[in-house]
Structures are given as C-alpha cells and as structure tokens.
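1. Provide a 3D model corresponding to the input given below.
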Amino acid sequence: MFGGEGAVLVVAYILTAAFILSMFVIFYKLVHVSQAQSQSISFLDKFWESKRLDDIFKVAENLKHSPLAAMFRAGYIELSKVKKGHTPDTGAMHEKMDGIENIERALTRARVSETTKLENLLPFLATVGSAAPFVGLFGTVWGIMNAFTKISEAGKADLATVSGPIAEALIATAISLAAAIPSVVAYNYFNRRIKVLGSEMTTFGSDYLNIVKRHFF
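-> The predicted model follows:
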C-alpha cells in the first residue's frame with residue numbers, strides 16, 4: 001500500500017490502524033449514547049406516569065441501556081432493604097436518616113458507575129485526536145529527510161526527483177489528519193451528550209430521593 005521505508009512505513013501503518021479503530025469507536029459510542037438517551041426518555045415518561053414503584057421497576061429492568069433506569073433500580077433495591085428493616089411508624093429517627101442516606105449513596109454509586117460506562121473509550125478518541133497529528137508530522141519529517149538524503153546522493157534536484165519522495169512522505173500527514181479530525185469532533189460531540197445525560201441523572205436522583213422521603217419516611 002505504501003512505498004515508504006523504515007520509520008515512515010511504520011508510522012503509516014500505525015496511523016492507519018488508529019484511523020480504523022477510531023471509526024469503530026465512533027460508531028460504537030454513537031449507538032451506545034443514542035440508546036442511553038432514547039431509553040432514558042422512555043423511562044422518564046413511564047416514571048412520571050406511573051403511581052407504583054413496582055410497576056416502574058418492571059419497566060426499568062427492560063431498559064438496560066438507560067442510566068436513569070439503572071439509578072432507579074439501585075435506589076429501589078436499597079429502598080426494599082430499608083423497608084424490611086423498619087416502618088415509618090416504628091422506626092427511630094436515626095434509623096430513618098440512615099435509610100435515606102443508604103438510598104442516596106446507592107443512587108450516587110449508580111450515577112458514577114453509569115457515567116463511567118458512558119465515558120468508556122472516550123479517552124482513546126482524545127488520544128488519537130491529540131497525538132495523531134504529531135505522529136504524522138514525525139513520519140513526514142523523517143520521510144523528507146530521507147528524500148533530501150537520496151537527492152543529495154543522486155546529485156540532482158529536478159522536479160521528477162523531488163516530487164515522488166516528498167509526496168510519499170506527506171502521506172503520513174494526510175493519514176494522521178484523517179484519523180485526528182473525526183476523533184476530535186466525535187469526542188466533543190459525545191462529551192457534550194454525556195454531560196447532558198449527567199445533568200439528567202443528577203436531577204432524577206434528587207427527584208427520586210424527594211419522592212422516597214415524602215412517601216416512605
């Protein structure tokens with residue numbers, strides 16, 4: 001595929017691999033984040049329409065890609081444990097506060113876990129976006145150095161002698177830009193969507209906790 005030698009050829013293959021992997025990651029994250037957002041919208045609609053937490057839990061079990069549904073499941077399971085331990089009429093005040101704090105911690109753990117899942121592979125895109133141009137530049141500079149060395153050895157510098165080696169050296173820069181530009185654009189796009197989902201998770205956690213306090217404590 002490439003007619004370069006040594007370092008230029010290695011750089012070209014590394015950048016080609018980075019480009020292919022970044023395209024795969026972009027497609028994967030697009031599907032992942034889109035599913036998370038669409039299922040979260042469906043879950044919120046069901047959450048505010050339903051009057052029983054049991055019914056919402058059944059819906060949440062089927063929405064595996066929704067971070068809000070995951071938070072609800074974690075809070076619901078913790079609430080079930082707390083309800084087995086005491087009732088609002090007989091439980092002491094410190095027990096009630098401990099129960100609320102346990103539910104809040106469960107929601108926080110679930111939110112952090114879901115955020116980590118959403119952010120998975122984003123560092124790879126950031127690394128490709130920031131490092132690929134420098135790797136490509138290294139390959140191009142190395143190729144040009146070799147080109148001038150060959151020109152010096154040949155003892156002539158006409159257009160036919162110069163254009164081929166330099167054009168070959170510039171391939172590394174072209175591949176690096178092809179890998180870096182989509183990676184940077186995708187990273188910023190996914191980062192923005194994940195921040196929106198993060199805000200929705202924080203808001204939902206507060207709303208859910210308020211509902212639990214009002215009805216169970």
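
2. mind listing what's buried in the helix or strand bottoming out on mean pLDDT in the chain?
-> Each helix and strand of the chain was given a mean pLDDT (mean pLDDT, DSSP states H and E); the minimum falls on helix 93-119 at a mean of 83. Using 16 or more other CB atoms under 10 Å as the test for burial, helix 93-119 gives 96, 99-100, 102-104, 106-108, 110-111, 114-115, 118. In this view, the C-beta of every residue, glycine as well, is placed from N, C-alpha and C.

3. Make TSV out of those residues and add distance to residue 145.
-> As requested, the buried residues of helix 93-119 are exported to TSV (distance: CB to CB, whole Å):
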residue	distance to residue 145
96	74
99	70
100	67
102	64
103	64
104	61
106	60
107	58
108	55
110	54
111	52
114	49
115	46
118	44
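
4. which one among these gets closest to residue 185?
-> Using CB to CB, residue 118 comes nearest to residue 185 of those, at 18.0 Å.

5. Now that closest one: closest residue in space, sequence neighbours ignored.
-> Take residue 118 and drop its neighbours on the chain: the residue closest to it by CB to CB, 6 or more residues apart in numbering is residue 194, 4.8 Å away.

6. so which strand or helix has that neighbour?
-> helix 159-216 (DSSP states H and E).

7. just to revisit the earlier point, for residue 26, state which of the buried residues of helix 93-119 is nearest.
-> Within the buried residues of helix 93-119, distances to residue 26 taken as CB to CB reach their minimum at residue 118, with 14.6 Å.

8. separation between that closest one and residue 179?
-> 23 Å (CB to CB, to the nearest Å).

9. Residue 31 now?
-> Distance from residue 31 to residue 179, by CB to CB: 21 Å.

10. Which of these two has more residues huddled nearby?
-> For the pair residue 31 and residue 179, the greater number of neighbours falls to residue 179 (27 against 11), based on other CB atoms under 10 Å.

11. shouldn't that one be in contact with residue 19?
-> Yes: taking contacts as CB atoms under 8 Å, residue 179 lies within contact range of residue 19: 3.9 Å.

12. got any ranges where this structure has weak pLDDT?
-> For the chain, applying pLDDT under 70 flags the ranges 1-5, 85-97, 154-162, 217.

13. Kindly recompute the last result at 50.
-> Across the chain, the ranges flagged by pLDDT under 50 are 1-3, 88, 93-94.

14. Noted, bye for now.
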